[in-house]
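Visitor: sequence plus the predicted model coming up.
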Amino acid sequence: MREVYKKDVDGKSVNIEVVLDADEFKSTRPWLLSVFVKYEGLDESNAGYEDFLEIKESLIISLEHGKKTKYVGSRIVDGWSEFYFYSEDSKDLSAVVARVLSSSGYVYESNIVRDTKWDFYEVQLLPNELEYHHIQSAKIIFLLAEEGDVLNVPREVEHYATFETATQKDRFTDSVIERGFIFKDYIETDHSEHGVAIIKIHMPTEEELKKIVEELYAEIKKEHGYYEGWSTTLVTAKEETH
């Protein structure tokens, strides 16, 4: 499954696409192939964007043909689109890249290194716990928008957290109430009986949720707990007028 998100790398935001379940191939594909193409494949309005996407998918299909190589993700950095693959061996990889890209008109380069532990994938491509929550938030926001939600309308948003002990849960709850959150209820999950639902009134926009989730995440981690996501009600233009 491919997911798209932004990762903070050396103080700047990098756009990343990652195949989350790619590590099932980790034990059999120790060679990391990196392909850099001089095109910032981010803005759909850029000239040649559709052509670029076709080239990208052609590259992935060609390299994955024969099933010895696996596409694991890409990054967009400083005007370059970077594509990453892990392979059983390094044989013929450069030839396949050349066959796809040499007549494309793009400036490109590639290199192959041994990365047995998949360090690049795990450090540079995989989202950390907080980044994964931002990915999940983006999905919910997309679904709300698809249903006609007016995202810039503030409403009650429930956030959920779980902990290993009741003491941790209570300390967290007291802390966030002081920060303007409202206690809703105690909850239980499959992995914890020490959960809490709290409420804050805010817009379910990407910018607002990023700020609030990061605030909550920091408080949750002080008590060694887990952020379990958020939910809210749908607000449409019709409902807003009543």
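Guide: Good, I have the coordinates.
Visitor: following whatever helix or strand Phe52 lives in, which helix or strand shows up next?
Guide: Applying DSSP states H and E as the criterion places Phe52 in helix 49-64. Per DSSP H and E, the first helix or strand lying C-terminal to helix 49-64 is strand 69-77.
Visitor: contacts for the following helix or strand past that following strand?
Guide: The helix or strand immediately downstream of strand 69-77 is strand 80-87, counting by DSSP H and E. Contacts to strand 80-87, defined as C-beta atoms under 8 Å, 6 or more residues apart in numbering, come from residues 22, 25-26, 29-41, 52, 56, 59-60, 63-64, 68-76, 93, 115, 118, 120-121, 125. Where you see a C-beta, it was placed from the backbone N, CA and C, and this is true even at glycine.
Visitor: now do strand 80-87 against helix 49-64, angle only.
Guide: If you take axes from the mean of the first three to the mean of the last three C-alpha atoms, to 10 degrees, strand 80-87 sits at 20 degrees to helix 49-64.
Visitor: skip the chain neighbours and tell me the closest residue to Leu59.
Guide: Nearest residue to Leu59, sequence neighbours excluded (C-beta to C-beta, 6 or more residues apart in numbering): Val100, at 4.9 Å.
Visitor: what about the one you found, helix or strand, and which?
Guide: helix 93-101.
Visitor: what angle do that helix and helix 49-64 make?
Guide: Put simply, helix 93-101 runs at 150 degrees to helix 49-64, going by the same axes, to 10 degrees.
Visitor: pretty sure Asp23 contacts Trp118?
Guide: Yes - counting by C-beta atoms under 8 Å, Trp118 is a contact partner of Asp23 at 6.5 Å.
Visitor: more neighbours: those two, which one.
Guide: Neighbours per residue, other C-beta atoms under 10 Å: of Asp23 and Trp118, the larger number sits with Trp118, 20 against 15.
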